[in-house]
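Asker: I would like the atomic coordinates for the input below:
(chains A and B)
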Amino acid sequence: MEIYQTNQLRIYNSLSKSKEDFTPIVPGKVGMYVCGPTVYSNVHLGNVRTFLSFDLIYRYLKHLGYKVRYVRNITDAGHLENDADEGEDRIAKKARLEEIEPMEVVQRYTVDFHQVLQRMNFLPPSIEPTATGHIVEQVEIVKAIIAKGLAYVVNGSVYFDVIKYNKEEAYGELSGRDIEAAVHQTRSLDGQSEKKNPQDFALWKKADDRHIMRWPSPWSDGFPGWHLECTAMSTKYLGETFDIHGGGMDLKFPHHECEIAQSKAYKGVEPVRYWMHANMLILNGQKMAKSTGNYILPNELFSGENQLLGRGFSPSTVRFFILQAHYRSVLDFTGPGLEASEKGYVKLMEAFSKIDSIASGDKDTLDIKRWKQQCYAAMNDDFNSPVLIAQLFEAVKYINLLLDQQATLTAATLADFTSTLTVFVLDVLGLQDERKDKRSDTLSGVVDILIDLRNEARDNKDWALSDKIRDQLATLGVQLKDGKEGTTFSLQ
RNA sequence: GGCGUCGUGGCCGAGUGGCUAGGCUGGGCUCUGCAAAAGCUCCUACAGCGGUUCGAAUCCGCUCGACGCCUCCA
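Answerer: The predicted model follows:
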């Protein structure tokens, strides 16, 4: 019996704009596709927020017992900086600026992306396909769409005929756009365009002479349109209709709208059951974006080498900060907000690390069953991590009461409490106890000696000496805590 | 201009038609040689104006404001 059989997950579907009961196409299995990064520069914190949202979703689906195939692509084929027919692609531009090969750009920033995600304890996806590795599949889709009469060739480039498609299907169903109105509003501003209508988008672009990344096709040596790769890779690995498609809110239009159109033109079926969109991370009141320079890089955040914050914050702290907001809410990134999260996070992990030293009693004075249900209820309600975290702080209160022997749990209940808390802290939220890395046996032994010496001094009422030991250790970041059961310490 | 999201206490951030999320900060108390930690406790908000309702922060309308998309962006 898997957990999902007793937990009805509800997911907000961007397509229906409402929360729906989640039922996978194949019982017990989930196919999930998430639009990955274009690897032309360092991954920034806003990108991380989106991927973290889906890491949480992936983790919880797995915890529920689903067999999940999670596909997250790497966009390593450059796409044009704008929709004009002329233009340089981002990766090629970066290669020219840094005087390296386009594939060196791709490699450099793919490695950066993976390093950042690993530091923040992301689970790797099941498949991480690249756009350039699926050119053949993309060409096949273009052929099929042309054969259906929904795309046309101009000077070696292929464009999707949005107007024609819209006669049978609803272009704009995801983003709530009325394409007919848009067509009438738009005057043809530049007569240079090869496109029949400004709303049409490229499936294949003929490469000009300076375009280095190019592949042969029936129409020209060129490169695929941006939206095509996701259709090719999602269809290949997850089938023509799959369960969940995710990405950032800013990809809703045009990217995801075009994906729907391509898939329907290609296979004739609705490609995705549940569309999920993570909201933006805001910095200085504006969206974080590479193109505007308003962003902060994760590594700068960890090291403290940035202009916004005076010091660094650990990867887990950043992870915790982001998870304290719901994935569909705009999250405001601020220094004070991070500091508040850090304190809360330390408090949570401090309590969590002490759970093993709780002794069981002969009766339950806390309602652990109800607490556990509320943890699940939070996550079942569209992955509400802030509410889950609120429940975890409830658990912190329980732990302290138990340690203080103001509450008791039977051995069986205590075991259930411990395993549930462990699952949610480590497996679902993906938090790590970073303090353990810093605490070595040697350090513990040395501090224990000092605690003994201090206790001797205290017995002799030599407060000057005992306070000196305590204060000097505090200066080094070792905080002594005098409790009923003796003195313990924690690292700051 | 069009489409969409949203305006919650000192700050960050959940949320439901009636039963005070949570974290951080600040005040008080307990414990303690003192402190810290821990526990208890206080500060009870929902942009504004109308409407629906026995009752709305939660539903509807309007106003004001913020943000996102409409050209590449997670």
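Asker: number of nearby residues for whichever residue of the stretch 101-250 of chain A sits closest to RNA strand B?
Answerer: Here the stretch 101-250 of chain A gets closest to RNA strand B at one residue, residue A:248, 1.6 Å apart by CB to the nearest atom of the strand. The way it works is simple: take the backbone N, C-alpha and C, and place the C-beta from them, glycine included. When neighbours are counted by other CB atoms under 10 Å, residue A:248 registers 22.
Asker: list the contacts for it?
Answerer: When contacts are counted by CB atoms under 8 Å, 6 or more residues apart in numbering, residue A:248 touches A:35, A:46, A:47, A:50, A:277, A:278, A:280.
Asker: ranges for the helices of the stretch 51-200 of chain A?
Answerer: Using DSSP state H, counting those that start in this stretch, the helices of the stretch 51-200 of chain A run over residues A:90-98, A:102-119, A:135-147, A:162-168, A:179-185.
Asker: for the third one, buried residues please.
Answerer: Using 16 or more other CB atoms under 10 Å as the burial criterion, the residues of helix A:135-147 that qualify are A:135, A:137, A:138, A:139, A:141, A:142, A:143, A:145, A:146.
Asker: got TSV for the helices of the stretch 51-200 of chain A, with distance to RNA strand B and mean pLDDT too?
Answerer: What follows is the helices of the stretch 51-200 of chain A, written out as TSV (distance: least, CB to the nearest atom of the strand, whole Å; pLDDT from 0 to 100):
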stretch	distance to RNA strand B	mean pLDDT
helix A:90-98	6	82
helix A:102-119	10	94
helix A:135-147	15	96
helix A:162-168	12	90
helix A:179-185	6	64
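Asker: these: which one's closest to residue A:129?
Answerer: In terms of CB to CB, the element of those nearest to residue A:129 is helix A:135-147, at 9.7 Å.
Asker: may I have that closest one as CSV, with CA atoms only?
Answerer: The C-alpha trace of helix A:135-147 is given here as CSV (Å, rounded to 0.1, in the frame of the first residue of the first chain):
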residue,chain,number,x,y,z
ILE,A,135,18.0,17.7,-33.5
VAL,A,136,16.8,14.7,-35.5
GLU,A,137,13.6,14.4,-33.4
GLN,A,138,13.0,18.1,-33.9
VAL,A,139,13.4,17.9,-37.6
GLU,A,140,10.9,15.0,-37.7
ILE,A,141,8.3,17.1,-35.9
VAL,A,142,8.8,20.0,-38.3
LYS,A,143,8.2,17.6,-41.2
ALA,A,144,5.0,16.3,-39.6
ILE,A,145,3.6,19.8,-39.0
ILE,A,146,4.4,20.9,-42.5
ALA,A,147,2.6,17.7,-43.8
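Asker: now do that helix: distance to the chain's middle.
Answerer: Taking the mean of its C-alpha atoms, helix A:135-147 sits 31 Å from the chain's own mean (CA atoms, centre = their mean, to the nearest Å).
Asker: show me what contacts the closest residue to RNA strand B within the stretch 1-150 of chain A?
Answerer: Nearest residue of the stretch 1-150 of chain A to RNA strand B (CB to the nearest atom of the strand) works out as residue A:46 at 2.4 Å. By CB under 8 Å, 6+ apart, the contact set of residue A:46 is A:248, A:280, A:281, A:283, A:287, A:288, A:289, A:295.
Asker: same check on residue A:277?
Answerer: Contact analysis of residue A:277 by CB under 8 Å, 6+ apart lists A:14, A:246, A:247, A:248, A:249, A:251, A:252, A:328.
Asker: for stretch A:464-483, measure first residue to last.
Answerer: Terminal residues of stretch A:464-483 are spaced 20 Å apart (CA to CA, to the nearest Å).
Asker: kindly report the same for stretch A:280-288.
Answerer: End-to-end span of stretch A:280-288 (CA to CA): 8 Å.
Asker: in it, what counts as buried?
Answerer: So stretch A:280-288, judged by 16+ other CB under 10 Å, has buried residues A:280, A:281, A:282, A:283, A:287, A:288.
Asker: quick one on the thing from earlier: for the buried residues of helix A:135-147, give me TSV that also has distance to residue A:483.
Answerer: What follows is those, written out as TSV (distance: CB to CB, whole Å):
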residue	distance to residue A:483
A:135	64
A:137	63
A:138	64
A:139	69
A:141	66
A:142	69
A:143	72
A:145	70
A:146	75
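Asker: for residue A:366, state which of those is nearest.
Answerer: residue A:137 (55.2 Å).
Asker: okay if I get the contacts of residue A:277 as JSON lines plus pLDDT and distance to residue A:364?
Answerer: Output for the contacts of residue A:277, formatted as JSON lines (pLDDT from 0 to 100; distance: CB to CB, whole Å):
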{"residue": "A:14", "pLDDT": "89", "distance to residue A:364": "43"}
{"residue": "A:246", "pLDDT": "94", "distance to residue A:364": "40"}
{"residue": "A:247", "pLDDT": "93", "distance to residue A:364": "45"}
{"residue": "A:248", "pLDDT": "92", "distance to residue A:364": "45"}
{"residue": "A:249", "pLDDT": "90", "distance to residue A:364": "44"}
{"residue": "A:251", "pLDDT": "91", "distance to residue A:364": "48"}
{"residue": "A:252", "pLDDT": "90", "distance to residue A:364": "48"}
{"residue": "A:328", "pLDDT": "91", "distance to residue A:364": "36"}
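Asker: now, these that are in strands?
Answerer: A:246, A:247, A:248 (DSSP state E).
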